[in-house]
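**Student:** Kindly return the folded structure for what I paste below:
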Amino acid sequence: MMKIYGPIVDDQTRCKHYATEKDIIAIKFNCCGKYYPCYKCHNECESHAISVWKKEEFNELAIICGVCKTEHPIYLYLDTGKCMNCNATFNEGCKKHYHLYFEYEGSC
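**Tutor:** Okay, here's the model as predicted:
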């Protein structure tokens, strides 16, 4: 299983910053290759700036479902909003932060 970094508060990857029922993913950060629940966790633990995933890298497995621990490619995460394995629903509010993780031009 992939290691999740940061101030995690439960085994489904919720953190001290985002801990609703649907906050159940961790993102592999392009800049360091480490999984964190959110950008705030990353910034608290790392001394480097976040670099976003480019569109041509959206096939990369970079999202972990906190419920079943399945890794997802970025494009699937952006397009579905739920786990392809266990059907757990991801937080739709995360779209507000996509620009921090991905080269993304969707609406916020």
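**Student:** any idea how far Thr80 is from the residue nearest the centre of the chain?
**Tutor:** By CA atoms, centre = their mean, the chain has its centre lying nearest to Ile27, at 2.8 Å. For Ile27, the distance to Thr80 equals 15 Å [CB to CB, to the nearest Å]. For every residue, glycine as well, the C-beta is placed using N, CA and C.
**Student:** sorry, back to before: who does the residue nearest to the centre of the chain form a beta bridge with?
**Tutor:** Beta-bridge partners for Ile27, by DSSP bridges, are Tyr36, Ile63.
**Student:** wait, what's in contact with it?
**Tutor:** 35-38, 62-63, 101 (CB atoms under 8 Å, 6 or more residues apart in numbering).
**Student:** distance of it from Ile50?
**Tutor:** Between Ile27 and Ile50 the computed distance is 10 Å (CB to CB).
**Student:** and Glu56, which of the three is it?
**Tutor:** Judged by DSSP: H, G, I helix; E, B strand; the rest coil, the three-state class of Glu56 is helix.
**Student:** Would you mind measuring from the residue located most distally from the centre of the chain to Cys31?
**Tutor:** The outermost residue of the chain, judged against the average C-alpha position, is Ser47 (19.0 Å), by CA atoms, centre = their mean. Computed as CB to CB, the Ser47 to Cys31 distance reads 11 Å.
**Student:** Do I have it right that Glu46 meets Cys32?
**Tutor:** Yes - at 6.1 Å, Glu46 and Cys32 qualify as touching, with contact defined as CB atoms under 8 Å.
**Student:** pLDDT score for Glu103?
**Tutor:** As predicted, Glu103 sits at a pLDDT of 94.
**Student:** er, Met1 actually
**Tutor:** Here the pLDDT value assigned to Met1 is 71.
**Student:** I'd like to know which of the contacts of Ile27 are buried.
**Tutor:** Buried subset of these (neighbour count, 16 or more other CB atoms under 10 Å): 35-38, 62-63, 101.
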